[in-house]
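# Using only what follows, build the 3D model:
(chains A, B, C, D and E, ligands or ions: 4)
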Amino acid sequence: MARPEAGDVILKVENISLSFGGVKALSDISFEAREHQLTAIIGPNGAGKSSMLNCIQGFYHPQEGTITYRGIVRKPEKSHEAARNGIARTFQNIALFKGMSTLDNIMTGRNTKMKSNVFLDALYLGPSLKQELEHREKAEQIIEFLEINSIRKTPVGRLPYGLQKRVELGRALAAEPDVLLLDEPMAGMNIEEKEDMCRFVLDVNEEFGTTIVLIEHDMGVVMDISDHVVVLDYGKKLADGAPDEVRNNQDVIDAYLGVAHD
Amino acid sequence: MEFLHAMTIGPIVEIIEYPTFFMEVLIGGLLTGVMYSLVALGFVLIFKASGVFNFAQGAMVLFAALTFVGLMEHGLPMWAALIATVAVMIALAYAIERLVLGKLVNQEPIILFMATLGIAFFLDGFGQTIWGSDVKPLDVGIPSDAIDVGGVLINWFDITAAVVAGLMVAVLAIFFQKTRIGRALRAVADDHQAALSVGIPLKTIWMVVWSVAGIVGLVAGVMWGSKLGVQFTLSLIALKALPVLMIGGFTSIPGAIIGGLIVGAGEKVAEVFWGPAVGGAIEDWFAYMLAMAFLVFRPQGLFGDKIIERV
Amino acid sequence: MFYREAGQFKTNYAKDQGIFPILQDRIWIYFVLVVAFVIIPVFGTDYFLGSIMLPFLVLSLAAIGLNILTGYAGQLSLGTGGFMACGAFAAYKLSTGFPDMNIIIVFLLSGGITAFVGVMFGIPSLRIKGFYLAVATLAAQFFLLWLFNRVPWFTNYSDSGVISAPPRAIFGDFFITGPDATHLSKYLFVVTFVILFALAAKNITRSGTGRNWMAIRDMDIAAEIIGIRAMQTKLSAFAVSSFYCGVAGALWAFLYSGSVEPLSFDVNRSFQILFMIIIGGLGSIMGSFLGAAFIMVLPILISSLPGMLGLSIPVDVISHVEFMIMGALIIFFLIVEPHGLARLWTVAKEKLRLWPFPH
Amino acid sequence: MSDTGNTLLSVNNIEVIYDHVILVLKGVSLEVPEGGIVALLGANGAGKTTTLKAVSNLLGAERGDVTKGSIEYMGDQIDKLTPSELVKRGVIQVMEGRHCFEHLTVEENLMTGAYTRTDGRAAIEESLEKVFHYFPRLRERSTSLAGYTSGGEQQMVAIGRALMANPKMILLDEPSMGLAPQLVEEIFEIVHRLNKKEGVSILLAEQNAMVGLRYADYGYILENGRVVMDGDGESLRSNEDVKEFYLGLESGERKSFRDVKHYRRRKRWLS
Amino acid sequence: PVQADEQYMPLLVYRSGPYAPGGIPYANGLVDYFKYVNAQGGVNGVKLTWEECDTGYNTARGVECYERIKIKDGKKGAVVMPLSTGITYALIERAAKDGIVIHSMGYGRTAASDGTVFPLVFTAPATYWSQATAITKYIGSEVGGMDKLKGKKISLVYHDSAYGKEPINTFIALSKKYGFKFTKHPVAHPGLEQKATWLTIGRKIRPDYVVMWGWGVMNSTAIKEAAAVKFPMDRFIGNWWAASENDTRPPGKASIGYKAASFYVPGNFTKLHADILKGLYGGDKAAALKNNWGEVLYNRGMVNGAIIIEAMKVAQKKFGNRSVNGTEIAYGFENMDMTEERFAELGMKDFMKSIKLSCADHEGTSPLIITQWDGNTWKPVSDWIMPDHAMVRPMYKEAAMKYAKEKGITPRKCM
Ligand SMILES: Nc1ncnc2c1ncn2[C@@H]1O[C@H](COP(=O)(O)OP(=O)(O)OP(=O)(O)O)[C@@H](O)[C@H]1O
Ligand SMILES: Nc1ncnc2c1ncn2[C@@H]1O[C@H](COP(=O)(O)OP(=O)(O)OP(=O)(O)O)[C@@H](O)[C@H]1O
Ligand SMILES: [Mg+2]
Ligand SMILES: [Mg+2]
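Numbers count the residues shown, from 1 in each chain, chains lettered A, B, ... in the order given. Ligands and ions are numbered 1, 2, ... in the order given. Presented below is the predicted three-dimensional model:
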């Protein structure tokens, strides 16, 4: 399957600054992400990558600067709005609903597409059941896609780390997002699992044309799968460009990569 | 109309018209609040040091006081009874660690809370089995007469309580903030397993904390017991300590005192000046409502540890 | 070996979505229904029906209510007693104000009124969390009780503030409250009512609403970020939970006690229900029943045991020992299984599934 | 075994069960020589963490139980010791997933690591300096609450905290997780230095086999609760399967993640 | 062999929980009296048996207790004493259905004194409403005549429950009748903290008299707080549940002078006391005291036992010397005429005034007495005061009719 062509700029980050008390997490960051592309954000620990993602998603509200999504400037709003506008994400420290099964976790991902009515739900008949089955079907497709059939009914708290990450991806995908924000989806995985994860990420991108913004520390992964890399360093933007450009940027090597290795 | 007046202008006018009476209520309230703080302190200690909301604190107050009077009734002199009771509270802490908490390491807070409920049940039954359910008057020689300071009646007893509470808070606050053990205690509250992993001996730590909480309970029990007589109901003062905790924050020792002052003054002033308009007995819910109002602005209480929300 | 789902294939999602997808579970449920509707009514004594089963079922309903709020939606609450009182007094006002209204409608409406009150007191939960919230809900508890105690209108200006249920029949002569109602008729009514409501609760919790609740419970920030509206979800949990508690309160006053004063719903009641759901299992409908049995029935059992065995132990000793045994049992069960009796049950099932192999 | 002599830690055929029903380790044996670095590799859920926790006796807190086998440290049975006693004897674990004390500042977090030490304030200060020297970022953030620091910073805190105990042996659980490449190198350098200069033995559970095997003297590969392969660093690195499944190398070349295939070869040792 | 006839008594008591200090002496007195009766050969040869159940003063538990022990070994109780206003309310309907008499002596539902609507409930010797009028009369006599009450201030401090609320309407009626100013001050259960209440009373309202309807720890706390605001103890009058040693001992000397109402004379001076002491404790006063012998609430249990046994004896006169059932003992109550002589015969000379009931009147017309704590014991300080029955009876009627209407009961006719 061919990768979709890069489209227009879907996300535009302009002059974002964010600080917590004395700590300046982000200062004056600008970059763009194009539709259907895979943008990677890299940088040392504490550089502000997760904070950047949080700003895009709307959980943090930057003190300065604007974020334009689909041509509309994002206003500081409730964090659930982003999901309803087609932005889904995963978290650096897994944020699954630990008490629920894999299937239920993925079903919650579909909440933006479902109408819940307590009275109908109490009866579990008619529209409620119908909706439940419809969305179950969608959830099963995702389960199939991520190859997690066997753990469908297992409470996620008991799953090993790698599978949890996969379920989390599934939950984000369930929302059928236009933009998918992934915060270190492959941390703590071995090569084999990283390969799987990459495959899923690429497939999503190819099949649905989902725009992906990804934070990752594994340079192999970043360089191989991303179209565009943004490098942050302690709140500042260090570089921005195609993977190969960035890889050879001396500043980036000094601040982040250390000895070139792969 | 009349009601509105009684709710708004009436009390204000009254306060302005009788300032000494207002002062009396205010001071009375503040001093009562300190008595609440004494009980709240025990909760704070354990919460701060292990993240456990100790439902049994009330029962421990009762148990300590019962043991103390019980021993005195059996003819022990006061100092001996005091030492013996402290020993009993330490033994109790040891038993609780061995039989309950030690087996529930790393469980969710609500589970630990439930376990302390089990402890409370047990202590209530156990204390009464040993010491009976009668009222036992307790007199440790704290004077209880009132003195007149510029038309305001102040009770010696309350002043004593305030001094005791103040001292305890100072000592405990220093202990927690400045010492190695204090730091370890706070670490345990955050993450049992991680604390274990760096070599903090959970057992010893819990023993220490529960012993200290037991001793704080004893002090509270003696104070309240000399006020009301030692009896089963004493365990219910825990309910009066809860709004104090909310306002001060579950993790702050000075918060326990300040919360106590706010609750005490607030509920007494409300009861005396606003209560009559709505039929009285509003102090219970008023304290809670007041606390809730505080929490809406500061969800962790005035001095409680920040609630860290990160993704 | 006995408990295997192997070989039970589901050919469509609808079947897999059934409440009890496993055959053994279905058999178990039929068994429970037979016990509830045939064996107990036939063999139960008046004492058993009226003094064990009735309060047990009513408190189970309240426990389901609280479990929805605390076990499913993660909002710790100690206002249950207040909400039960609210239901009881609403039912009293409705049934005395509109004597012709069917008592079932009265119960449902009083649940609705309580739901509204619950939502009001749920608003702070948007800011306040955990034990702080638990303590904050005590404000509801104390305020509501104070209100019913203080405002004579709620008790139709009775001298002592005690309300007592007027005699009502659900149809014809089938009295379920008042002196003409037998323990059996009360029992049958309550058991039907509670089972239906438990079923409804189960349905809600396994559908979208329930998943949203659980998401908020497990991680509220993440839930919001994936698009769940925290406010709506929390308040709906408060509403449904209070509805259940309200109905339970009305049933308690009308069918069990017959007459109540606000003190029957004091803070001890709130604690009692909370204990039920913790010991029974947070986030489990079945756990609500198990917990209610443990917390309510067990003490009665302990205290009547000496009498049944013909031992004459002084009642105070019995009471104290009852306290001690309860305390010890609570701790014991928590150590064995911190997640409650319901989980113990699942673990047992898992063991059965593996049987005769240990792992 | 590699160059160094005595066995410091030996795990003999242990079995671990969680919650009385979930059997996770099905007879794991391994040895850590004095002054050695031993790596424990394996897929997610293989039981690496469980093995480390079994050694450091942290399983109790997870309702897990060692039901068979024995664990010896310097010739002594250590199954019955508390984690605290173990730390006093010099065995400390850096837990997977950070586990910082959120409400303590970074510096206070580090100080908790020195809880069991009795060698005086000055020595502790010195260690603190050392940790700050290793992780300059922590010095900058030393007064902020650990709960607010970034993922990587928390990881540094966790490692630094363990160093504060002046350990003889560190059980490192996924130290590289979530760390920037440069920092991963640095951390492994630090580990290496501790090992060489201060003679600290290391048992390392790691997903990043590439680095792990580079520094390890010896390695074990764990799958499904069993050791399926072991050998010294070099021999493991040259094993074909290890190359393919753990190092991501295909005929010596690193495969591109973009070209990963959609089918998979079975691991030879499973068949 | 014919099994010996026995009279079974289900006893709802509380010996544990927050109100245990009050429940224990009462239960001891009651049981001691039963033991004493048995030692005397039973009630005309009928031995008493009983079963206790601990209600913890908790209504729900009380109801369960009632259902559990109302029948034992096939023998149904004839009379039950719920020992809590809340439990009484909850049991009235149940007991009526079971045909068991409720004797709520000095507590419970006042309106139940109306025998036409409540044929099986007895409130003798006096209700809260009667008590309120008697206390008011006493205050009147203290201030120099009922007419002097005009313009005086009386405050009521009450336990915020069904129990505490019972006398409010009576006091309001009394204040209208005599022109005194009445204020009421609820104290929430359990009443550990009353500073606000007492600052309001003692420093703001400054009433001439304070009346208290308290129970448990509330009483001693009130005394302590009243002393703290220097309210004179001799103008502080409790009802008969705020009249025991438990209430006055914990505050120490602060409670000297505190007064309380009673329907019997405090003390252990009667022959019955001596007999119990001798019969049950071998004359050892020390041992007996541990069982609360002679304390105010012990005496209440004892006299409650005496009244019930008297009712049983009256019933036996009509139905024969055998055990009796509920309706029979109800007959016994209604035809009871316990004169002072009769009390003397029972060993309680100078202990109580007479009780005489009828089909319509289940309360009787017993006078009350005011007692005072002198630091060691309770001493009577007034003459016997007859409650204002003329005033309260119509109130009973009204309340009872309201109840009858709500419940759809047709009042029976009394000759
Ligand atoms: N809510 C907050 N309050 C205070 N400081 C914060 C908060 N969130 C982030 N920070 C600080 O902002 C800086 C950037 O944090 P962020 O989590 O964005 O880093 P990161 O680039 O994702 O690092 P890592 O790779 O380690 O995850 C850090 O120093 C962190 O301590
Ligand atoms: N507390 C627990 N209760 C039940 N099962 C558990 C528990 N902890 C771990 N497990 C299970 O034990 C198995 C091994 O887990 P472990 O954490 O040791 O693996 P790991 O090799 O460290 O994996 P990872 O690379 O993900 O850290 C997993 O299948 C996991 O689901
Ligand atoms: Mg990050
Ligand atoms: Mg691991």
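
# And the residue of chain B that's closest to chain D?
residue B:199 (2.7 Å; Cβ to the nearest Cβ). No exception for glycine: its C-beta is placed from N, CA and C like everyone else's.

# Within the helices and strands, which one has that residue?
Residue B:199 is part of no helix or strand, with elements assigned from DSSP states H and E.

# Run through the neighbouring helices and strands of the longest helix out of those in chain D.
Counting by DSSP state H, the longest helix found in chain D is helix D:181-198. Packed against helix D:181-198 by the contact rule (3 or more Cβ pairs under 8 Å, 6 or more residues apart in numbering or on different chains; DSSP states H and E) you find strand D:37-42, helix D:151-163, strand D:169-173, strand D:201-205, helix D:209-215.

# Point out the residues in chain C that sit beside chain A.
For chain C, the contact set with chain A under Cβ under 8 Å from any Cβ of the partner chain comprises C:13-14, C:17, C:200-201, C:203-204, C:206-212, C:214-215, C:217-219, C:221-230, C:236, C:239-240, C:283.

# Identify each buried residue in the helix or strand containing residue E:404, please.
Residue E:404 is located in helix E:389-407, with elements delineated by DSSP H and E. By neighbour count on 16 or more other Cβ atoms under 10 Å in any protein chain shown, the buried set for helix E:389-407 is E:389, E:391-393, E:395-397, E:399-404, E:406-407.

# Then stretch E:150-168?
E:152-168.

# how about the strands in the stretch 51-200 of chain E?
E:71-72, E:75-76, E:79-80, E:101-103, E:121-122, E:153-159, E:181-187 (DSSP state E, counting those that start in this stretch).

# Report the mean per-residue pLDDT for the last one.
I take that to be strand E:181-187. What strand E:181-187 shows for mean pLDDT is 93.

# which secondary structure elements does that strand contact?
Strand E:181-187 packs on strand E:153-159, helix E:168-178, going by 3+ Cβ pairs under 8 Å, 6+ apart.

# Ok, the fifth one next?
Identification of packing neighbours for strand E:121-122 by 3+ Cβ pairs under 8 Å, 6+ apart yields helix E:85-98, strand E:101-103.

# is the helix or strand harbouring residue A:13 up against chain B anywhere?
Counting by DSSP H and E, the element that carries residue A:13 is strand A:9-20. No. Strand A:9-20 stays out of contact with chain B when judged by Cβ under 8 Å from any Cβ, the minimum separation being 10.5 Å.

# Can you get me a residue count around the residue of the stretch 1-150 of chain A at minimum distance from ligand 2?
Residue of the stretch 1-150 of chain A nearest ligand 2, by Cβ to the nearest ligand atom: residue A:94 (10.7 Å). Number of residues near residue A:94 (other Cβ atoms under 10 Å in any protein chain shown) recorded here: 19.

# Identify the nearest residue to it in space, disregarding sequence-adjacent positions?
Spatial nearest neighbour of residue A:94, chain neighbours left out: residue A:164 (5.0 Å); criterion: Cβ to Cβ, 6 or more residues apart in numbering or on different chains.

# Around that neighbour, how many other residues sit close by?
So residue A:164, with other Cβ under 10 Å, has 23 neighbours.

# Hmm, it is touching residue A:154, no?
No. Using Cβ atoms under 8 Å, residue A:164 is not in contact with residue A:154; the gap is 10.6 Å.

# still on that earlier bit, as a markdown table, the strands of the stretch 51-200 of chain E with distance to residue C:268 would be great.
As requested, those are exported to a markdown table (distance: least, Cβ to Cβ, whole Å):
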| stretch | distance to residue C:268 |
| --- | --- |
| strand E:71-72 | 29 |
| strand E:75-76 | 31 |
| strand E:79-80 | 24 |
| strand E:101-103 | 25 |
| strand E:121-122 | 28 |
| strand E:153-159 | 16 |
| strand E:181-187 | 18 |
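
# just the ones you listed: most buried one?
Comparing the strands of the stretch 51-200 of chain E by mean neighbour count (mean count of other Cβ atoms under 10 Å in any protein chain shown), strand E:121-122 ranks first with a mean of 29.

# average pLDDT across that one?
In this model, strand E:121-122 carries a mean pLDDT of 94.

# per-residue confidence for residue D:6?
So, for residue D:6, pLDDT stands at 82.
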